[in-house]
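Engineer: Show me how the following folds:
(2 chains)
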Number of protein chains: 2
Amino acid sequence: MEIRRDMNELLSWSKQDEDPFENTEQADGGCGTNDFSGVHGKENGEELTKHFLQELLNILLAYISKSMNRSSKVLDFHHPHQLKEGLEGFSLELPEQPDNLEQLLVDCRNTLKYGVKTGHPRFLNQLSSGLDIIGLAGEWLTSTANTNIFTYEVAPVFILMEEVLLKKMESIIGWSEEEGDGIFCPGGTISNLYSILLARYHYFPRVKAEGMQALPRLALFTSTHSHYSIKKSAAVLGIGTDNVIAVKCDERGKMIPAELESSIMAAKAKGLEPFYVNATAGTTVYGAFDPFTDIANICEKRGLWMHVDAAWGGGLLLSKKHKVKLQGIEKASSVTWNPHKMMGAPLQCSAILVRQKGLLEACNKQCAEYLFQPDKQYDMSYDTGDKTIQCGRHVDIFKLWLMWKAKGSEGFESQINHCLENAEYLYYKLKSRKDFQLVFQSKPEHSNVCFWYLPSRVRNMSPGPDRDRELHTIIPKIKAKLMEKGVVMIGYQPLGQKPNFFRCVFSNPATQKQDVDFLLDEIACLGAEL
Amino acid sequence: MEIRRDMNELLSWSKQDEDPFENTEQADGGCGTNDFSGVHGKENGEELTKHFLQELLNILLAYISKSMNRSSKVLDFHHPHQLKEGLEGFSLELPEQPDNLEQLLVDCRNTLKYGVKTGHPRFLNQLSSGLDIIGLAGEWLTSTANTNIFTYEVAPVFILMEEVLLKKMESIIGWSEEEGDGIFCPGGTISNLYSILLARYHYFPRVKAEGMQALPRLALFTSTHSHYSIKKSAAVLGIGTDNVIAVKCDERGKMIPAELESSIMAAKAKGLEPFYVNATAGTTVYGAFDPFTDIANICEKRGLWMHVDAAWGGGLLLSKKHKVKLQGIEKASSVTWNPHKMMGAPLQCSAILVRQKGLLEACNKQCAEYLFQPDKQYDMSYDTGDKTIQCGRHVDIFKLWLMWKAKGSEGFESQINHCLENAEYLYYKLKSRKDFQLVFQSKPEHSNVCFWYLPSRVRNMSPGPDRDRELHTIIPKIKAKLMEKGVVMIGYQPLGQKPNFFRCVFSNPATQKQDVDFLLDEIACLGAEL
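Structural biologist: Residues are numbered from 1 along each chain as shown, chains lettered A, B, ... in the order given. Sure thing, here's the model as predicted:
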């Protein structure tokens, strides 16, 4: 079989320090590309690697520079069929035979070119945005270390860093030295799934061996504004989405404690067994904070597990000014907190934090002896793999650890405050403009700001279904135009009875007030044409 | 509050192309370190970033070079308490105030120094090993693009690349053009969890809304040698580990079809409802391949879902020489395949592949309107987020796509064949030496080779419990010495009645026959002292 030697060499070069054993597969040829013609041959795998990665670095640096540059577009939109047909010099198809290194670098450039610059100061589309350079450095190192954070044996430093980070986050939540356990997970939905899994095991440990059939029909409670992951997890865990009771919110999106009480009573009356309440710190659309102390009191009275989904709002705990919004979170049995959102860590970085020590392991351990040998020479309590529902687990913590070193807690505080100032600025701008309307009137608690654009013909309509229908169709049209133009990105959705509206969120510290102004002007400019 | 300006600047510099709006938080100071004293000030965020990332690249290149160098140690072992107490210049504690950039680079160097070089040709400890340079480049780009693969809107290129990769893998399995769906997941355990979740939904769609209470008591089947993730998932899904029936294997670790038949009958007789069988392509310890065609026939006859856990063995499908071992996999309803194992992709990269189109979405969709708006301007079937049990999902596919471009299918074939040649070489070496004993006599099917070291006093003992006890305690002692010395890493475990034995696995194409010789000589040298 014909194998390109340059590629082979780049992939598996290794240095000999003793007589080489019979080794017929070593590279021996050149690579024949322009960029790399100077670096080939048996001894030069290392040179070739350095050269290739340096070229890649240059591409990435150019991309970072563009991401930070307001005169660059946020995206260069193409429809799926356009990309699939293959744009000039960029085919997605997988070959039988290798491409050369130069072509790979072209592919890298194109991949970035046709993607979305989530680090751009005008990418306001998602709860996760920004491009933290230290966090990025952390990710590059993590992928170079290329290990699994499941045993101390293969990830000693990362295992200890995770412990340090979890302890720090637990103490920020307000748990005591004796309390607190946790694990980093692949995203907030999985973290929320853990919380339900743990609550179920805590009250009904038989479930692990015997399954749901051995249990009464469970019921869990979450607000109408909460994240859909609670329902998704109930389906996965075999509890069923019908048994997820949606608790009413006030017009600001906060769970109404009296509604929680009456929902619990109603479920009990139907023969269900309530066991778990999810409260949200920073809802996805409105950015609302549930009244944690009131909910905690209800959970305590009724003997229910209280989880706080602070995936989005957890970062505010680092701000002396804003942490009051999370008062009562310390009474939670578990907390989801995603540093990849408000703290600006690169994707992914999400923690499930559990107040009761030992529960994670009791719930999840299966004692696989091939991995967690009980007779290792070190303290095996550092093998965290049996705490998780995974086996191998990606190292999601080094970037956060490095960012914390770089910023200190104070640096996080300052960048979070800055994002909330942007939201407040947008709020006052919207209040002052006739061509925009806020979805709710009160000042934003988090960095979410929800609003409609009102073209002049809509401005003259009286509130009602006709006007709502107009608004509902106008927003996606503006969004489509924004995508085509590509200079700013913002999300939209309907909610309950409310027609489609824009949701602006700030989590990128590079975003400034000028970007807020730019956003409104763009929407007004494109919307006026409709 | 006092904020270090240099750090602030590095983190959030952005270029102005219009009159800057009031912007009091822009950086204005120097950074005061030696390395970075030349690059600071308001205009130099970009220079500072380039300089910092270039310094990081140099550190990573030096690490890569060491990883590939046989005269470097694989690891420099320290106990947890040693690392926690803080080694010289390396503290894990998180500060209130920022550290400077120079210190961060020191931290990066130390993190690598005290870690484990999983790319070293003599790291033989885990199913995932090696450091593929192209895959690594793919990871660096992925983290720089920093996006979520859940909507086409924010990940257009990656969404399409995932589709291309899944189709390729489905066609390699042997499914027709009309068949095949899938998703990349955070690891093989989650992929296996998906398979059970999908099977349950396929036969009992009511479970999504009503939970397990609406179902008969389910039973699933997996071999005694299979991965513990099947039991773990049964616990998570509310099925219960008692309802996971372990099917006996032959002495080579392969499921015995007649045993599967009788286990199914026995479960039915007890009133359980069999619905799912997991067959394994490459067991974790022995590397055994179950007889897929026989198992498929049983599943077909009894109307059961057949899953193949090919997390470890899937790569062999790319080898014309070895793919025969997976014959019958095309009859599976779902397949787990981890390119981060035998194909050498960096962690993580795992796929769940599903024969029936549409099932993933039907099973998992919750239609969150804030994310998957039905009125977007593009073909929304490319928004894959509702297929998953996650919400945000890490981009695990670009590295694999780039590696495929770099190697072609032929390149993967050649590196997989090479790994299996190493295993065969080790097998014959062990057979020829008096001081080692194979755990089973037949030639390895995969790259796993299992063996005991026999110090001379054990060699003279007759087989039986006394000898087994000796072997059981000797292996961890040798392992501890290997860890302390740090020149080669290999795993061990007991299995069933067998006392602790070494399991050597090859997945790093940089490993050569000389490394195999080195391993045996090291074990013999350290073991002889015992």
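Engineer: close to chain B, is stretch A:44-59?
Structural biologist: Yes: applying CB under 8 Å from any CB of the partner chain, one finds stretch A:44-59 touching chain B at A:45-46, A:49-50, A:52-54, A:56-57, A:59. Glycine gets a C-beta too; all of them are placed from N, C-alpha and C.
Engineer: can you check stretch A:423-430 too?
Structural biologist: No: figure legend: stretch A:423-430 not in contact with chain B (CB under 8 Å from any CB); closest approach 9.5 Å.
Engineer: For residue A:380, give me the pLDDT.
Structural biologist: pLDDT, residue A:380: 89.
Engineer: Emit the PyMOL select command for whichever of the residues of stretch A:44-59 next to chain B are buried.
Structural biologist: To isolate the buried ones among the residues of stretch A:44-59 next to chain B in PyMOL, judged by 16 or more other CB atoms under 10 Å in any protein chain shown, type:
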select buried, chain A and resi 45+46+49+50+52+53+56+57+59
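Engineer: Let's see which of the residues of stretch A:44-59 next to chain B end up in helices.
Structural biologist: Within the residues of stretch A:44-59 next to chain B, residues falling in helices by DSSP state H are A:45-46, A:49-50, A:52-54, A:56-57, A:59.
Engineer: Least confident of those?
Structural biologist: residue A:45 (86).
Engineer: about what we covered before: just the residues of stretch A:44-59 next to chain B now: which is nearest residue A:512?
Structural biologist: Ranked by distance to residue A:512 (CB to CB), the residues of stretch A:44-59 next to chain B are led by residue A:59 at 27.0 Å.
Engineer: okay but the closest one is in contact with residue A:113, surely?
Structural biologist: No: in this structure residue A:59 lies outside contact range of residue A:113 using CB atoms under 8 Å: 10.2 Å.
Engineer: Show me the strands in the stretch 151-300 of chain A, by range?
Structural biologist: For the stretch 151-300 of chain A, the strands defined by DSSP state E, counting those that start in this stretch occupy A:181-185, A:218-223, A:244-247, A:273-280.
Engineer: which other helices and strands contact the last one?
Structural biologist: When contacts are defined as 3 or more CB pairs under 8 Å, 6 or more residues apart in numbering or on different chains; DSSP states H and E, strand A:273-280 sits against helix A:188-203, strand A:218-223, helix A:257-269, helix A:292-302, strand A:305-309.
Engineer: ok, now the second one?
Structural biologist: For strand A:218-223, the helices and strands in contact under the criterion 3+ CB pairs under 8 Å, 6+ apart are helix A:188-203, helix A:229-236, strand A:244-247, helix A:257-269, strand A:273-280.
Engineer: coming back round to it: how about the ones in helices among the residues of stretch A:44-59 next to chain B in a markdown table, adding distance to residue A:435?
Structural biologist: Putting these into a markdown table (distance: CB to CB, whole Å) gives the following:
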| residue | distance to residue A:435 |
| --- | --- |
| A:45 | 62 |
| A:46 | 61 |
| A:49 | 56 |
| A:50 | 55 |
| A:52 | 52 |
| A:53 | 50 |
| A:54 | 50 |
| A:56 | 46 |
| A:57 | 45 |
| A:59 | 41 |
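Engineer: So which residues of the stretch 301-450 of chain A form strands?
Structural biologist: A:305-309, A:334-337, A:350-354, A:436-438, A:449-453.
Engineer: strand partners of the first one, parallel vs antiparallel please.
Structural biologist: Translated: strand A:305-309. Strand A:305-309 has its sheet partners listed here by DSSP bridges as strand A:273-280 (parallel), strand A:334-337 (parallel).
Engineer: Contacts for it, please.
Structural biologist: The contact list for strand A:305-309, computed with CB atoms under 8 Å, 6 or more residues apart in numbering or on different chains, reads A:188, A:192, A:195-196, A:198-199, A:202-203, A:226-227, A:229-230, A:275-281, A:292, A:295-296, A:299, A:326, A:329, A:331-336.
Engineer: between that strand and helix A:188-203, what angle do the directions make?
Structural biologist: Orientation of strand A:305-309 against helix A:188-203 (axes from the mean of the first three to the mean of the last three CA atoms, to 10 degrees) gives an angle of 170 degrees.
Engineer: hmm, back to that, which of the strands of the stretch 301-450 of chain A sits most buried?
Structural biologist: Ranked by mean neighbour count, the strands of the stretch 301-450 of chain A are led by strand A:334-337 with a mean of 30 (mean count of other CB atoms under 10 Å in any protein chain shown).
Engineer: Pull it out as PDB, backbone CA atoms only.
Structural biologist: Extracted C-alpha coordinates of strand A:334-337, given in PDB (Å, rounded to 0.1, in the frame of the first residue of the first chain):
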ATOM      1  CA  SER A 334     -27.000  20.800  44.600                       C
ATOM      2  CA  VAL A 335     -26.000  23.500  42.200                       C
ATOM      3  CA  THR A 336     -25.200  23.600  38.500                       C
ATOM      4  CA  TRP A 337     -22.700  26.300  37.600                       C
END
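Engineer: I would like the residues contacting that strand, please.
Structural biologist: Strand A:334-337 is contacted by residues A:169, A:173, A:188, A:191-192, A:194-195, A:198-199, A:305, A:307-311, A:314-315, A:317, A:329, A:350-355 when judged by CB under 8 Å, 6+ apart.
Engineer: what angle separates the helix or strand containing residue A:515 from strand A:449-453?
Structural biologist: Using DSSP states H and E, residue A:515 maps to helix A:513-528. Angle of helix A:513-528 versus strand A:449-453, following the same axes, to 10 degrees, is 30 degrees.
Engineer: What about contact with chain B: does helix A:513-528 have any residue there?
Structural biologist: Yes: counting by CB under 8 Å from any CB, contacts between helix A:513-528 and chain B involve A:513-514, A:517.
Engineer: pLDDT added to the residues you listed, as CSV?
Structural biologist: Listed next are these as CSV, based on pLDDT from 0 to 100:
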residue, pLDDT
A:513, 97
A:514, 97
A:517, 98
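Engineer: Among those residues, which one is most surrounded by other residues?
Structural biologist: Of all the residues of helix A:513-528 next to chain B, residue A:514 has the most neighbours under the rule other CB atoms under 10 Å in any protein chain shown, reaching 18 neighbours.
Engineer: now it: how far from residue A:422?
Structural biologist: 10 Å (CB to CB, to the nearest Å).
Engineer: ok, now residue A:317?
Structural biologist: To residue A:422, residue A:317 is 19 Å away according to CB to CB.
Engineer: And residue A:365, by the same measure?
Structural biologist: Counting by CB to CB, the gap from residue A:365 to residue A:422 is 45 Å.
Engineer: More neighbours: the two, which one.
Structural biologist: Remark: of residue A:365 and residue A:422, residue A:422 carries more neighbours, 24 against 17, as counted by other CB under 10 Å.
Engineer: Tell me how many other residues crowd the closest residue to the more buried one other than its chain neighbours.
Structural biologist: Nearest residue to residue A:422, sequence neighbours excluded (CB to CB, 6 or more residues apart in numbering or on different chains): residue A:506, at 4.4 Å. By other CB under 10 Å, 28 other residues sit near residue A:506.
Engineer: Surely residue A:506 and residue A:446 touch.
Structural biologist: No: contact criterion CB under 8 Å: residue A:506 and residue A:446 do not qualify, at 9.2 Å.
Engineer: who touches both of those two?
Structural biologist: A:420, A:423.
Engineer: distance between the ends of stretch A:221-240?
Structural biologist: Terminal residues of stretch A:221-240 lie 13 Å apart, using CA to CA, to the nearest Å.
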